[in-house]
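In: My questions are about this predicted structure, shown below with the sequence.
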Amino acid sequence: MYIQVMETFLSSLRAAAEPTRMRILALCTRGAFCVSELVTILGQSQPSLSRHLRLLVEAGLLRRQQEGVFSWFALADAASPEGALARSLVSRLPEDDAVLAADRRMAAQTLSERARSASDSFRAQGADWDEMTALGLPKSAVEAALASVAGQGRLGQVLDIGTGTGRVLELLGPRADSGLGVDASPQMLKLARTRLAQAGLPQCSLRQADMYRLPLPDGGPSQGFDVTVLQMVLHHAEDPEAVLREAARVTRTGGRIIIVELASHTAHDLAERLAHRHRGFMQPRMRSMLMDAGLALYGTVTIPGPIATEIWSGAVNSRPQTPIRSSSLADHQEAHP
């Protein structure tokens with residue numbers, strides 16, 4: 001009996017003793033993933049990942065569940081010796097490992113996309129879906145505030161990070177010399193293309209990209225985007241600070257970044273339904289993140305609703321021209337560079 005238990009234990013250790021398989025175990029502490037999601041997150045071929053998954057399942061470290069044509073993989077039950085071993089091994093991995101951190105960021109994006117694509121409103125509305133409506137927020141008021149914060153006149157080159165179905169480009173595109181929307185989801189980009197085509201905005205284009213590693217050159221005094229928008233993006237991000245730094249990197253010196261985000265809230269059910277990583281942001285944290293990204297802040301607009309929405313704006317690498325303040329939508333007067 002002892003020998004059999006020891007052999008099982010050693011077999012499980014051998015199955016886990018490979019970098020990709022340890023990455024898979026670490027990811028599965030976050031929940032179940034299908035093969036195609038793991039391919040996207042880990043950037044490896046499906047045949048290679050299928051082999052790793054088979055070995056982990058045979059060793060009892062993962063369990064496989066079939067749902068229709070999809071196979072889902074999750075950690076074995078924590079009450080089993082193999083499940084307990086898998087969790088113990090993962091707990092010994094360094095939290096600050098760069099590869100594991102990148103995996104966590106990609107997993108957060110994947111879970112967010114899965115949640116919004118699975119929602120009844122998304123399936124019913126298609127290109128008309130947006131998260132503000134799904135959360136019951138006052139969409140018209142938020143969009144009016146965003147248009148006001150963006151300012152009057154021409155906007156120059158506009159970048160919309162996490163464009164989703166392209167609503168921000170539809171809203172601001174008519175005043176942009178050029179517009180680019182980036183999103184990690186091919187499904188969202190397909191809907192955004194339909195929206196932009198119907199709106200007649202040939203100056204706006206779309207591109208699949210990771211918001212942590214935008215395939216765009218650095219901004220500077222004479223190049224980069226004039227206005228960069230992140231609407232309802234940061235609460236899905238594993239590392240919102242990194243997203244803001246990347247946004248600042250591609251925005252020209254003196255260019256503006258506008259963030260539309262949820263204020264800190266306790267609506268746990270809403271957040272869980274759409275796979276939020278953060279339940280909004282408290283103002284001190286948001287202010288700190290923006291300043292750490294190199295922004296000179298102009299102020300905030302607060303739009304009340306079931307969850308308050310806040311719009312933050314600031315300039316990249318320039319000094320603020322007005323004191324930082326908070327305001328309601330009714331009394332907001334935005335300062336612009």
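Out: Perfect, I can see it now. Numbers count the residues shown, from 1 in each chain.
In: how about Ala107, what does it touch?
Out: Taking Cβ atoms under 8 Å, 6 or more residues apart in numbering, we find Ala107 in contact with Leu27, Arg30, Phe33, Ile41, Glu238. C-beta here means a position set from N, CA and C on the backbone, and glycine is covered the same way.
In: From those, pick the one nearest Leu180.
Out: Glu238 (23.3 Å; Cβ to Cβ).
In: Pull up the per-residue confidence for the closest one.
Out: Glu238 is assigned 84 on the pLDDT scale.
In: would you say it is within a strand?
Out: No: according to DSSP: H, G, I helix; E, B strand; the rest coil, Glu238 belongs to no strand; its state is coil.
In: tell me the contacts of it?
Out: Ala101, Arg104, Arg105, Ala107, Ala108, Gln109, Arg277.
In: Sketch out the low-pLDDT regions of the stretch 151-300 of the chain for me.
Out: Residues of the stretch 151-300 of the chain that meet the criterion pLDDT under 70 lie in 270-272.
In: Select only the buried ones of the contacts of Ala107 in PyMOL?
Out: Buried residues among the contacts of Ala107 (16 or more other Cβ atoms under 10 Å), as a PyMOL selection:
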select buried, resi 27+33+41+238
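In: Which of the contacts of Ala107 fall within strands?
Out: Phe33 (DSSP state E).
In: Kindly indicate which of the contacts of Ala107 lies nearest Met6.
Out: Of all the contacts of Ala107, Met6 sits closest to Leu27, with 28.4 Å by Cβ to Cβ.
In: From what I see, the closest one and Phe33 are in contact.
Out: Yes: between Leu27 and Phe33 a contact is recorded at 6.3 Å, counting by Cβ atoms under 8 Å.
In: one step back: nearest to Pro138, of the contacts of Ala107?
Out: Glu238 (28.2 Å).
In: quick one: that closest one and Ala74, what's the gap?
Out: Using Cβ to Cβ, to the nearest Å, Glu238 is found at 19 Å from Ala74.
In: about what we covered before: now the common contact residues for Leu27 and Phe33.
Out: Each of Ile41, Ala107 lies in contact with both Leu27 and Phe33 under the rule Cβ under 8 Å, 6+ apart.
In: Ala267 and Ala315: what is the separation?
Out: Ala267 is 32 Å from Ala315, by Cβ to Cβ.
In: okay, the two: which has more neighbours?
Out: Counted by other Cβ atoms under 10 Å, Ala267 and Ala315 do not tie: Ala315 has more neighbours, with 23 against 16.
In: which residues touch the more buried one?
Out: If you count contacts by Cβ under 8 Å, 6+ apart, Ala315 has them with Gly254, Gly255, Arg256, Ile257, Leu295, Ala296, Tyr298, Pro337.
In: For the protein, which strand extends over the most residues?
Out: In the chain, assigned by DSSP E, the strand with the most residues is strand 251-262.
In: Any buried residues in it, and which?
Out: Buried, per 16+ other Cβ under 10 Å, within strand 251-262: Thr251, Arg252, Gly255, Arg256, Ile257, Ile258, Ile259, Val260, Glu261, Leu262.
In: One more: stretch 294-309?
Out: For stretch 294-309, a neighbour-count test (16+ other Cβ under 10 Å) marks 294-303, 305, 307, 309 as buried.
In: Name the secondary structure element that contains Leu171.
Out: Following DSSP states H and E, one finds Leu171 within helix 167-172.
In: residues making contact with that helix?
Out: Applying Cβ under 8 Å, 6+ apart, the external contacts of helix 167-172 come out as 130, 143, 146-147, 150, 155, 158, 160, 163, 176, 179, 181, 192, 195-196, 199, 201, 204, 227, 229, 231.
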